[in-house]
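Visitor: The sequence and its predicted three-dimensional model are supplied below.
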Protein chains: 2
Amino acid sequence: MAAERERRRDAGRTRQQLLEVARCRFARQGYATTTVRDIAEDAGVNVALISRYFTSKEGLFKACLDTAFAEIRRDAEQTTPNDVAAVLARRIAGAEDSPRRMEGLLLLLRTSGDERIDEMRRGVLRAVSERLAQVTGDPEAVLRAEVVLAATLGIAMMRSSLQVQPLATATEQELLAPLTDLVEGLMGQPMTRRRPAR
Amino acid sequence: MAAERERRRDAGRTRQQLLEVARCRFARQGYATTTVRDIAEDAGVNVALISRYFTSKEGLFKACLDTAFAEIRRDAEQTTPNDVAAVLARRIAGAEDSPRRMEGLLLLLRTSGDERIDEMRRGVLRAVSERLAQVTGDPEAVLRAEVVLAATLGIAMMRSSLQVQPLATATEQELLAPLTDLVEGLMGQPMTRRRPAR
DNA sequence: GTTACAAGTCAGCGCACGTTTACTACTGTT
DNA sequence: AACAGTAGTAAACGTGCGCTGACTTGTAAC
């Protein structure tokens, strides 16, 4: 209850504000296209604060990635085999705090030009894929899980920057059936899975 | 047979050279990250020639998109229902002129910041999806076709800029089975397709 | 009320980018 | 051989970017 009244100057709050608007910009426009002046204006503060709180534009981007990674890992850990499609649908088109949820996914495929960041990204994608692959014990499972993940990222892309209809405005419910079929087709009961390569 | 010997100065050839190296750069790095000086150096010519032959960087990008669009449309027109997965696998990981084939796909999701170009992009994606959707007459078919397309684009992304293993180095043969299952699951025999939403 | 420090602002630096202008060199024609 | 026209070059211009250092203002402690 202490100090809960609004302060006109609050470092923690502005830092958080910067994180959120930056995350939104980076996810929608990509790293290179987003300028620090845009971000500062969105947050309603001066540009210099970005350098102060996050060292640099790249530092801010990395901070955005960190929060996104944490979210995604949490999602992945709590997902059970039967859940996969529903969790993906929720993340892509979940209603409650949309479109914040999808932003995390989009950050995964926005490159900053920094090799260390790309390495982090690969790490997260790989971890999520392997978690997904645990659903089956198949040696090909990781590859198939990565295809599921790739599909999810692709859908997120088409909905955000490309805005291809009708996918762009499909609801969570409308996405659930196709995603279920996709996951089922790729990781569920064997169809072509067990047959030898032609 | 006329004038087939190599000329040291050949406008048509340099123009073509610029188109090819630009397409590669744009596909790999995106529009904003690629500089005209990079492109000119790759082509081994002076920067000013980009302005001369394509008016501007954006003009060059648009020219790249035009060639990619033509290729993709041609692919789409010649695809039969049973072919879909094979054509996609070939485009993603086709051996003969790889990785040129995949570049066309990647250009579809690289944004230039120009709204007219984005409109073109949406148009092509939409056309390809509708063509894909003709496989079935289902009203939901376009949505499902777009999911197939999104998956394809996502895979291309993971192979190029993200380089997530094992997807990044999977061969055409290795991709064929998962893609077949994906297409089958989404557009083939009804599984959850006909059952009402939960 | 005064003081000290943190929060926030302002103006500008340096650099890399896309583009342009003035120039040089090659090539086919007569 | 001289010319004309085009292919290609060199250098610089203007702009917008990320970032910085000196400054101002709010806030909490005494």
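Guide: Yep, it's here.
Visitor: for chain A, what spans make up the strands?
Guide: For chain A, applying DSSP state E gives no strands.
Visitor: which helix in it runs the most residues?
Guide: helix A:57-77 (DSSP state H).
Visitor: Tell me the helices and strands packed up against that helix.
Guide: Contact here means 3 or more Cβ pairs under 8 Å, 6 or more residues apart in numbering or on different chains; DSSP states H and E; on that basis helix A:57-77 packs against helix A:11-29, helix A:36-43, helix A:48-54, helix A:100-108, helix A:115-133. Placement of C-beta: from N, CA and C, glycine included.
Visitor: Which stretch among those helices is buried most, on average?
Guide: helix A:100-108 (a mean of 21; mean count of other Cβ atoms under 10 Å in any protein chain shown).
Visitor: now for that helix, which elements pack on it?
Guide: Right, helix A:100-108 is packed against helix A:11-29, helix A:57-77, helix A:84-93, helix A:115-133, helix A:141-157 by 3+ Cβ pairs under 8 Å, 6+ apart.
Visitor: Just send those helices back as a markdown table, with distance to B:P81 and mean pLDDT too.
Guide: Formatted as a markdown table, these follow (distance: least, Cβ to Cβ, whole Å; pLDDT from 0 to 100):
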| stretch | distance to B:P81 | mean pLDDT |
| --- | --- | --- |
| helix A:11-29 | 36 | 95 |
| helix A:57-77 | 35 | 92 |
| helix A:84-93 | 25 | 87 |
| helix A:115-133 | 29 | 84 |
| helix A:141-157 | 20 | 92 |
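Visitor: Next, the contact list for A:V84, please.
Guide: Applying Cβ atoms under 8 Å, 6 or more residues apart in numbering or on different chains to A:V84 gives the contacts A:L132, A:V135, A:V148, A:V183, A:M187.
Visitor: Please work out how many residues are found near A:N46.
Guide: 12 (other Cβ atoms under 10 Å in any protein chain shown).
Visitor: Could you do A:Q173 as well?
Guide: For A:Q173, using other Cβ under 10 Å, the count is 12.
Visitor: try the one 4 residues further on
Guide: Applying other Cβ under 10 Å, we find 23 other residues in the vicinity of A:A177.
Visitor: How about A:R73?
Guide: Around A:R73 there are 14 residues (other Cβ under 10 Å).
Visitor: What distance do you get for it to chain B?
Guide: 16 Å (Cβ to the nearest Cβ, to the nearest Å).
Visitor: residues touching that residue, list them.
Guide: With Cβ under 8 Å, 6+ apart, A:R73 has these contacts: A:V124, A:A127, A:V128.
Visitor: Now flag whichever of the residues you listed is closest to B:L107.
Guide: Checking the contacts of A:R73 against B:L107 by Cβ to Cβ gives A:V124 as the nearest, at 25.9 Å.
Visitor: Quick check: the gap between the closest one and A:A68.
Guide: When Cβ to Cβ, to the nearest Å is applied, the distance between A:V124 and A:A68 equals 8 Å.
Visitor: got it, and A:D42?
Guide: 18 Å.
Visitor: Give the closest residue to the residue of chain A found nearest chain B in space, chain neighbours not counted.
Guide: At 1.9 Å from chain B, A:G185 is the closest residue in chain A, using Cβ to the nearest Cβ. With sequence-adjacent residues excluded and distances taken as Cβ to Cβ, 6 or more residues apart in numbering or on different chains, A:G185 is closest to B:G185, at 1.9 Å.
Visitor: now do the same end-to-end measure for stretch A:40-58.
Guide: With Cα to Cα, to the nearest Å applied, stretch A:40-58 spans 14 Å between its terminal residues.
Visitor: Report the distance from it to the chain centre.
Guide: 22 Å (Cα atoms, centre = their mean, to the nearest Å).
Visitor: How about stretch A:64-84?
Guide: 9 Å.
Visitor: before we move on, what about stretch A:115-132?
Guide: 12 Å.
Visitor: Enumerate the residues of chain A near DNA strand C.
Guide: A:R9, A:D10, A:A11, A:R13, A:T14, A:V45, A:N46, A:V47, A:A48, A:L49, A:R52 (Cβ under 7 Å from any atom of the strand).
Visitor: how close does the second one get to A:Q16?
Guide: Looking back up the chat, that one is A:D10. Counting by Cβ to Cβ, the gap from A:D10 to A:Q16 is 9 Å.
Visitor: Over to the last one?
Guide: Counting by Cβ to Cβ, the gap between A:R52 and A:Q16 amounts to 14 Å.
Visitor: And the first one, by the same measure?
Guide: Here A:R9 is placed at a distance of 14 Å from A:Q16 (Cβ to Cβ).
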